[in-house]
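J.: here's my sequence, what's the structure:
(one chain, ligands or ions: 1)
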Amino acid sequence: MELQVKNLAVARGGVPVLEGLSFSLTAGRALVLRGPNGSGKTTLLRTIAGLQPALEGDITGAGERIAYAAHADGLKTALTVTENLTFWAQVFGNTDISQALAGFDLLGLAERPAGSLSAGQKRRLGLARLMVTGRPVWVLDEPTVSLDAASVALFAEAVRGHLATGGSALMATHIDLGLDEADVFDVAPYRAVPRVSAVDEAFL
Ligand SMILES: Nc1ncnc2c1ncn2[C@@H]1O[C@H](COP(=O)(O)OP(=O)(O)OP(=O)(O)O)[C@@H](O)[C@H]1O
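T.: Reported below is the predicted structural model:
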């Protein structure tokens, strides 16, 4: 099954941001969203992840197939790394966290409270959660923020492993992930002309 987006229009704060978007993402593929700051990548990803409604158009193959990782890590700071991953695994009906711990080089931090981790370590833990969801479509917003070069490489390997097992990944990023096999979709040509000015306090 593939993720399909047809003639999609998305809005932020009631203001249309992108419109006329169509693309698909098949199993085993990665698609990188490009576009300048403020062009609507986050809004598009939130819409595909089901966190906000589309203005128009269709999204198929999303819903419960998606594991979404946003800017905020959303970790439970009082729980250890192991406890955080175990908690998330259980939420998704899984138990094995060993690959996630190893894949993001977290074994040496396994018993540390998440709140005591550095920014990059927190981000690694946040991304490791993807691996325990068992969900096939990873939707990732700036996944490498705070990561050093070695951690970016770990992340790229995790994505490759996910693709190799039939998963797919849709991600917005401004940096080169070293994933040469990824397709690229530039959202810039799909920018909508704002019709009114509005601020949506829910996202502030
Ligand atoms: N709370 C809000 N209320 C109204 N407009 C907003 C709000 N948050 C963001 N916007 C606007 O929505 C548009 C799209 O923002 P979005 O975060 O989707 O862009 P982006 O492509 O992800 O940007 P970046 O590369 O900087 O992360 C921008 O013009 C932004 O200013």
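
J.: gap between Thr80 and Gly103?
T.: Thr80 is 18 Å from Gly103, where distance means C-beta to C-beta, to the nearest Å. C-betas here are computed from N, CA, C, even on glycine.

J.: I meant Gly20, not that one.
T.: Gly20 sits 37 Å away from Gly103, taking C-beta to C-beta as the criterion.

J.: buried sites along stretch 138-152?
T.: By 16 or more other C-beta atoms under 10 Å, the buried positions in stretch 138-152 come out as Trp138, Val139, Leu140, Asp141, Glu142, Pro143, Thr144, Leu147, Ser151, Val152.

J.: averaged pLDDT, that stretch. What do you get?
T.: Stretch 138-152 carries an average pLDDT of 94.

J.: pull the residues that contact it.
T.: With contacts defined as C-beta atoms under 8 Å, 6 or more residues apart in numbering, stretch 138-152 is touched by 41-42, 45, 48-49, 66-71, 104-105, 119-120, 122-124, 127, 130, 155, 159, 162, 167-175, 177-178.

J.: surely Leu44 is in contact with Leu18?
T.: Yes: using C-beta atoms under 8 Å, Leu44 is in contact with Leu18, at 5.9 Å.

J.: which residues does Ala54 contact?
T.: By C-beta under 8 Å, 6+ apart, the contact set of Ala54 is Leu8, Ala9, Val10, Thr47.
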